[in-house]
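*Asks:* Following is a predicted model, sequence given first.
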Amino acid sequence: MTSITGIILAISLMIIMAGMGLSLAIADFKRIVEYPKAAFIGLFSQIILLPLIGFSIAYLLDLPSVIAIGLMLLAACPGGATSNMITFLAKGDLALSISLTAMASLLSFISIPLIMNMSFDFFLDQQESVSLDIMAMLKQLLVIIIIPVAIGMMINRKFPAFALSVQKPVKIASAIIFILVMIGITYTNRNEFIAYFDQAGLPSILLNVCTMGAGFLLAFLFKLPKFQAITISIESGIQNGTLAITIATLILNNPAYTIVPLTYGFLMFFTASLVIIFRSRSKEKAHSHI
């Protein structure tokens with residue numbers, strides 16, 4: 001990957017994260033304290049359960065190292081703005097979804113380096129061994145995640161009307177830039193993508209389905225309302241593929257690790273659509289009996 005591509009990719013993600021910050025307020029973090037049970041279950045599902053499921057899939061399927069690392073990278077990433085949108089369409093608890101996304105994004109600053117370091121140690125043999133500079137990765141994550149989100153939140157707090165007016169244009173612009181960069185990365189590394197693409201489909205869909213199912217089951221076992229269980233299910237199973245792709249190409253400097261996040265990005269919308277359709281029909285049936 002060229003340095004210019006890396007810079008463009010980093011800038012596009014920073015714009016996306018700043019855009020997320022534009023829609024966040026301090027109240028979104030306070031809500032974690034106000035609804036501790038739902039918040040704890042959601043964060044446990046995202047930070048602990050999700051990587052464990054990813055590891056189990058990679059280990060049981062005996063995946064090639066490049067696919068296993070890509071899967072673990074995706075599992076280490078929090079939910080993104082997409083999970084908030086899907087939660088809204090599926091009639092879940094949007095406030096909880098936004099709070100979980102915000103908190104998990106901050107925690108990922110620490111969890112991603114730790115999970116990736118353990119993944120490299122386990123899935124790479126001596127010939128493939130990679131030495132991960134955790135402190136350097138923390139600094140890079142600080143620049144592309146924490147600082148942009150903080151800037152977005154600061155703008156939202158000081159100039160709420162302006163923040164509201166630019167949210168949509170910022171999202172559209174960053175998405176277009178990101179898609180163009182992804183097309184370029186895919187084309188440049190097309191030989192590796194062709195070689196491994198067929199091996200990425202099954203683990204990608206398994207990660208999506210298993211994590212969504214586990215998140216819902218965990219919420220159900222703790223007797224959370226259905227709309228919050230749906231939210232935790234979505235937050236657990238819809239990952240920030242944009243962040244995973246950026247880390248793979250910019251920080252880990254291996255575009256091959258983007259194969260799983262890219263494949264996952266296509267597949268997750270099918271399962272998300274099923275959840276949205278199911279929830280819509282459930283609501284329609286409920287209203288028809290009133």
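*Replies:* Now that the structure is in, tell me what you want to look at.

*Asks:* Could you look up the SS state of Ser119?
*Replies:* helix (DSSP: H, G, I helix; E, B strand; the rest coil).

*Asks:* For whatever helix or strand Ala104 lives in, what does the pLDDT average out to?
*Replies:* In the assignment (DSSP states H and E), Ala104 maps to helix 94-123. Confidence for helix 94-123, expressed as mean pLDDT, is 84.

*Asks:* in that helix, what's buried?
*Replies:* If you call a residue buried by 16 or more other C-beta atoms under 10 Å, then helix 94-123 has these buried ones: 94-106, 108, 111-113, 115-117, 119-120, 123. No exception for glycine: its C-beta is placed from N, CA and C like everyone else's.

*Asks:* Let me see the ranges of the strands in the stretch 51-200 of the chain.
*Replies:* Along the stretch 51-200 of the chain, counting by DSSP state E, counting those that start in this stretch, no stretch forms strands.

*Asks:* how about the nearest residue to Leu49 once chain neighbours are set aside, what does it touch?
*Replies:* In space, Leu49 comes closest to Ala214 once its chain neighbours are excluded; the distance is 5.7 Å by C-beta to C-beta, 6 or more residues apart in numbering. The contact partners of Ala214, by C-beta atoms under 8 Å, 6 or more residues apart in numbering, come to 45, 49, 53, 236.

*Asks:* Now do the same for Ile290: its pLDDT.
*Replies:* The predicted local confidence for Ile290 is 45.

*Asks:* And for the residue nearest to Phe109 when sequence neighbours are not counted, the neighbour number?
*Replies:* Excluding the flanking residues, the one nearest Phe109 by C-beta to C-beta, 6+ apart is Leu141, at 5.2 Å. Residues near Leu141, counting by other C-beta atoms under 10 Å, number 20.

*Asks:* do the same with Gly215
*Replies:* Around Gly215 there are 28 residues (other C-beta under 10 Å).

*Asks:* How about the secondary structure of it?
*Replies:* Taking three-state DSSP, the label given to Gly215 is helix.

*Asks:* I'd say it and Ile232 touch.
*Replies:* Yes: using C-beta atoms under 8 Å, Gly215 is in contact with Ile232, at 4.6 Å.

*Asks:* Show the average pLDDT along stretch 223-237.
*Replies:* So the average pLDDT for stretch 223-237 ends up being 89.

*Asks:* try stretch 158-170
*Replies:* The average pLDDT within stretch 158-170 is 83.
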